[in-house]
Structure formats: C-alpha cells, structure tokens
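Q: need a 3D model of the following:
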Amino acid sequence: MPTKKMVDNKVLDIIEFQVPVYGSKVYFIVFKNTWREVIKYLKVKGFDTKKYRGWDSIHGLAITEHFNDGQHFAVILKKNKDIKENLVHELLHLTQDILEYKGVDFVKGGDNEAYAYLIGCLFKKTEKLLK
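A: Numbering: from 1, shown residues only. I've put the predicted structure just below:
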C-alpha cells in the first residue's frame, strides 16, 4: 500500500511504494519552489544528490540508483500548470527504467503488455499528486 507523507507543511508531497510484481522501491515527490528540500529528502533516502544540486528549474525528473538493498527509483515533479504532462512523461521513463532493470525489454512491434500494465499501475498510484 502506498504511503503519502507531507513534509514541512506541504512543501513537498511524497508517495513511497513498492512496485507490484517487480518489487522496486519508488519515491514520487512533488515540490513547489523547494528544490533544496527535495535534495535533503533524497539524501536521507540514500540517493547520491551531488549531481542534482542547483537543478531547481526542472519541471520533471526520473532517476534510478542502486544502493543498499537494490534498485531505487524517484520521480520528481514541480507543481505547476504542466504537472499532468510532466507526470505522464516521467512515468514513461520510470516504466522503462524499472522493466529494463528487471530484464523486460521493449519489443518494437510487440504487444509490450508489461509496459502498458505497469505505466497504468504507476499512474493510478500517483494521480492523487495532481490535485
């Protein structure tokens, strides 16, 4: 079951969950103008944040890192008028990263049902961040 956390009085909206079937840990973070708080949160979770410092002008980012107990994924979105489009964009990257990590390749001309099901599942878990 996903957990939703509020940090610093809604400075960040965060949802953490394990991906069904594939089992990787995912962190979804929505921020306003608080990139420094995003960096602090990711660092606490174990991500190497050095390369992301000063990226406060981003609108969306999907990152993948291997540490501690396996592969971890994060999607970071800026809360703005384009958040819906940015979420869909980053969900595609996240879906690719998770499935490639698990050895499921996208096949040109194939059904690619694993991709379709996973992106739908990820959207369902994260759509509440759009409100």
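Q: continuing past the helix ranked longest in the chain, what's the next helix or strand?
A: Scanning the chain for the longest helix, with DSSP state H as the assignment, gives helix 83-101. Reading on from helix 83-101 to the C-terminus, the next helix or strand found by DSSP states H and E is helix 113-126.
Q: first-to-last residue distance for stretch 47-57?
A: Using CA to CA, to the nearest Å, the span of stretch 47-57 from its first residue to its last is 20 Å.
Q: if you could redo that for stretch 31-39, that was the one I meant.
A: With CA to CA as the measure, the ends of stretch 31-39 fall 11 Å from one another.
Q: ok so, going back, and the longest helix of the chain with helix 113-126, angle?
A: Calculated by axes from the mean of the first three to the mean of the last three CA atoms, to 10 degrees, helix 83-101 forms an angle of 130 degrees with helix 113-126.
Q: just checking, Trp55 touches Phe31?
A: No: Trp55 lies out of contact with Phe31 (CB atoms under 8 Å); the separation is 11.1 Å. Every C-beta, even on glycine, is put in place using the N, C-alpha and C of the backbone.
Q: what about the chain, any weak spots by pLDDT?
A: Judged against pLDDT under 70, the low-scoring parts of the chain cover residues 1-10.
Q: and the nearest residue to Gly70 once chain neighbours are set aside, how many residues sit next to it?
A: If you skip the residues right next to it in sequence, Gly70 has Ser24 as its closest partner in space, 6.6 Å away by CB to CB, 6 or more residues apart in numbering. Residue neighbour count, defined by other CB atoms under 10 Å, stands at 17 for Ser24.
Q: can you check His72 too?
A: Applying the criterion other CB under 10 Å, we find 19 residues in the vicinity of His72.
Q: pop out the phi and psi values for it.
A: Backbone dihedrals for His72, given as degrees, to the nearest 10, come out at phi -120, psi 150.
Q: that one and Gly23, how far apart?
A: If you measure His72 against Gly23 using CB to CB, to the nearest Å, the figure is 11 Å.
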